[in-house]
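In: how would this look folded up:
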Amino acid sequence: MASGRIPNTKRRARIARLHARGVTLSEIGRRLGITRQAVHDALVQLRRPAPQRFVGCTRCALPIVSPGALASDEGQALCLTCLACCPDAGLGARLKSFRLAAGLTKTELARRLGVTAMTVHQYETGAREPRWRHLALLVGVLGPGLITLGLRPAN
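Out: Residues are numbered from 1 along each chain as shown. All right, here's what the predicted structure looks like:
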């Protein structure tokens, strides 16, 4: 699991744009108030592929590859195929599966919903149920399958 501070993606994007226009590393550093070495390091990071993160599906044990996979998700996630076969899966399991399929971390999903990451964690563990307003936002972000996937129609 990666550690350290969160990268400044806006600054990295600006560095990449300036570099693509042919601006020297020293000049980029002067414009942004950082060292030439910091500019170089940012460009190296941009060229490096993001590490593949995954957790195993608790039902079929196949890896769920997702940029949003966290160590805390291990042993608690279902792939969407297995989720479709489990109509009795709770909202928390559905939420975790769809979050991983969308490639979102709990923090990223929380930011889109306007709640804290702890709130998303509580939704996923079943410690808390989302209000209708947040449920509508969840469906808007993750799609209607969050509620409908694998459910059998009532007779």
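In: and His134, that one's in a strand?
Out: No: checked against DSSP: H, G, I helix; E, B strand; the rest coil, His134 lies outside a strand; its state is helix.
In: tally of neighbours for the spatially closest residue to it that is not a sequence neighbour?
Out: Spatial nearest neighbour of His134, chain neighbours left out: Leu113 (6.0 Å); criterion: C-beta to C-beta, 6 or more residues apart in numbering. The C-beta positions use only the backbone N, C-alpha and C, and glycine is treated the same way. Counted with other C-beta atoms under 10 Å, the neighbours of Leu113 add up to 19.
In: show me what contacts Leu113?
Out: Under the criterion of C-beta atoms under 8 Å, 6 or more residues apart in numbering, the contact list for Leu113 reads 119-120, 134, 137-138, 141.
In: what's the answer for Arg94, then?
Out: Contacts of Arg94 by C-beta under 8 Å, 6+ apart are 83, 146-147, 149.
In: out of those, list just those in helices.
Out: 83, 146-147 (DSSP state H).
In: what about the helices in the chain?
Out: 9-20, 25-32, 36-47, 80-84, 91-102, 106-113, 117-125, 132-142, 145-148.
In: so how far is the fifth one off the chain centroid?
Out: In this case it means helix 91-102. With C-alpha atoms, centre = their mean, to the nearest Å as the basis, helix 91-102 stands 11 Å off its chain's centre.
In: could I get the average pLDDT for that helix?
Out: Helix 91-102 shows a mean pLDDT of 92.
In: list the buried residues of stretch 60-74.
Out: Across stretch 60-74, burial judged by 16 or more other C-beta atoms under 10 Å covers 64, 66, 68-70, 73.
In: before we move on, back to that, may I ask which of the ones in helices among the contacts of Arg94 has the most neighbours?
Out: Of these, with other C-beta under 10 Å as the count, Leu83 tops at 23 neighbours.
In: grab the nearest non-local neighbour of that residue.
Out: In space, and not counting its chain neighbours, Leu83 is closest to Ser97: 4.8 Å by C-beta to C-beta, 6+ apart.
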